[in-house]
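J.: Need coordinates for the following:
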Amino acid sequence: MPPQTDRRAAAPAPLGPSARLLPALAAVYRAQLARARVARIPLLFVATFQSVGILVMMRGVVDAGQTSAARSVVAGSSVLVVAFVALNLLAQYFGKLRATGGLDHYATLPVPAASVVLGAAGAYASFTLPGTVATAVIGGVMFGLPLGQLWVLLAVVPLAGAALSGLGAACGLLAPRQEIATMLGQLGMSAALLLGVLPVDHLPQPVLWLRDLLPSTYGVEAFARTFDPHPDWGMVAADLGVCAAVGVASLAIATWAYRRAVSR
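T.: Modelled structure (predicted):
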């Protein structure tokens with residue numbers, strides 16, 4: 001008669017506890033930063049060159065000086081660097097991960113879903129600050145605007161970047177195909193270009209309503225207000241607050257989209 005096997009010995013060992021959010025976020029951020037560092041120079045060059053080219057083009061139709069049009073062009077072109085990376089490239093990145101099965105790797109790691117989304121978004125957004133500052137300096141010189149308040153970009157870039165990164169990640173994770181994710185990222189960046197760079201005074205009212213729905217608009221407005229001789233810091237803080245609120249909401253949606261994608 002065969003010996004009785006111990007059922008307790010045959011039971012699978014319990015899984016270890018999941019990593020906490022902040023340590024997991026730091027680990028994912030470092031890993032993503034190392035991978036994105038390979039493309040850092042081309043990434044910065046393309047994003048900055050594109051925005052500077054728009055400044056040169058708009059200089060032919062917008063007068064220099066302390067005008068609302070000049071402020072909109074410089075602020076919109078600067079924030080466009082963030083939109084190119086955080087919205088466009090992040091949508092393509094997550095769309096590719098989903099299409100090629102790359103999400104399965106993250107699904108096997110004992111890390112919270114939020115750390116994957118936030119880590120990737122933070123790594124991509126980290127490359128946008130130098131290009132944004134360079135665009136703002138070139139634009140300020142080109143349009144004769146003061147450069148004494150450029151420090152506000154230290155708040156504009158991460159807050160606008162968080163809002164746009166969440167949207168970009170959600171587009172990549174929810175799109176049924178990689179091509180659609182790429183298209184959504186391109187459309188989002190085009191919206192940031194047209195609605196953020198063009199002077200507000202020249203836009204019809206229906207377009208202004210669409211502009212209010214775009215989260216990067218509030219980053220553009222916050223930065224544009226600092227070109228005034230006496231900035232309204234209350235309105236600057238309010239615009240940045242909207243960016244922060246939208247950033248929390250969009251990153252939460254992206255986290256839900258990630259859980260939905262890996263559970264299929």
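J.: When you work out contacts or count neighbours from here on, use the C-alpha atoms and nothing else.
T.: Noted.
J.: Where does the prediction get shaky in the protein?
T.: By pLDDT under 70, the low-scoring segments of the chain are 1-19, 21, 35-41, 264.
J.: Could you rerun that using 50?
T.: For the chain, applying pLDDT under 50 flags the ranges 1, 5-16.
J.: By residue count, what's the longest helix in it?
T.: helix 233-262 (DSSP state H).
J.: For Gly219, which residues are in contact?
T.: Contact partners of Gly219, counting by Cα atoms under 8 Å, 6 or more residues apart in numbering, are 79, 156-157, 159-160, 239-240, 243.
J.: May I see those residues arranged in TSV, with neighbour count as well?
T.: Listed next are the contacts of Gly219 as TSV, based on neighbours: other Cα atoms under 10 Å:
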residue	neighbour count
Val79	32
Val156	28
Val157	24
Leu159	25
Ala160	28
Asp239	22
Leu240	24
Cys243	28
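J.: what ranges do the helices span in this structure?
T.: In the chain, the segments counted as helices under DSSP H are 7-10, 21-36, 40-59, 68-83, 90-100, 103-107, 113-125, 128-143, 153-174, 178-197, 205-213, 216-225, 233-262.
J.: picking up where we left off before, is it possible to export the contacts of Gly219 to CSV including distance to Ala91?
T.: As requested, the contacts of Gly219 are arranged in CSV below (distance: Cα to Cα, whole Å):
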residue, distance to Ala91
Val79, 17
Val156, 21
Val157, 18
Leu159, 18
Ala160, 16
Asp239, 25
Leu240, 23
Cys243, 19
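J.: and among the helices of the chain, the most buried is which?
T.: The highest average neighbour count among these, using mean count of other Cα atoms under 10 Å, belongs to helix 68-83 at a mean of 29.
J.: That one: how far from the chain's middle?
T.: Using Cα atoms, centre = their mean, to the nearest Å, the mean C-alpha position of helix 68-83 is found 15 Å from that of the whole chain.
J.: now swap in stretch 237-245 and tell me
T.: That offset, for stretch 237-245, works out to 15 Å (Cα atoms, centre = their mean).
J.: quick one: contacts of it?
T.: Residues from elsewhere that reach stretch 237-245 (Cα under 8 Å, 6+ apart): 155-156, 159-160, 162-163, 215-216, 218-219, 221-222.
J.: Equivalent analysis for stretch 45-63, please.
T.: Contacts of stretch 45-63 (Cα under 8 Å, 6+ apart): 69-70, 73-74, 77-78, 80-81, 84-85, 131-132, 134-135, 138-139, 142-143.
J.: Tell me the gap between it and the middle of its chain.
T.: Counting by Cα atoms, centre = their mean, stretch 45-63 is centred 20 Å from the centre of its parent chain.
J.: Only C-alpha atoms, please: export that stretch in CSV.
T.: Output of stretch 45-63 as CSV, limited to C-alpha atoms (Å, rounded to 0.1, in the frame of the first residue of the first chain):
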residue,chain,number,x,y,z
PHE,A,45,16.6,67.5,-30.0
VAL,A,46,13.4,66.6,-31.8
ALA,A,47,11.1,68.1,-29.1
THR,A,48,13.1,71.3,-28.8
PHE,A,49,13.7,71.8,-32.5
GLN,A,50,10.0,71.4,-33.2
SER,A,51,9.1,74.0,-30.7
VAL,A,52,11.8,76.5,-31.7
GLY,A,53,10.7,76.0,-35.3
ILE,A,54,7.1,77.0,-34.3
LEU,A,55,8.5,80.1,-32.6
VAL,A,56,10.3,81.1,-35.8
MET,A,57,7.2,80.6,-37.8
MET,A,58,4.9,82.5,-35.5
ARG,A,59,7.4,85.4,-35.3
GLY,A,60,6.5,86.2,-38.8
VAL,A,61,2.9,86.8,-37.9
VAL,A,62,3.0,88.0,-34.3
ASP,A,63,4.7,91.2,-33.2
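J.: now Gln66, nearest residue through space, not along the chain?
T.: Nearest residue to Gln66 in three dimensions, chain neighbours excluded: Leu145, at 6.5 Å (Cα to Cα, 6 or more residues apart in numbering).
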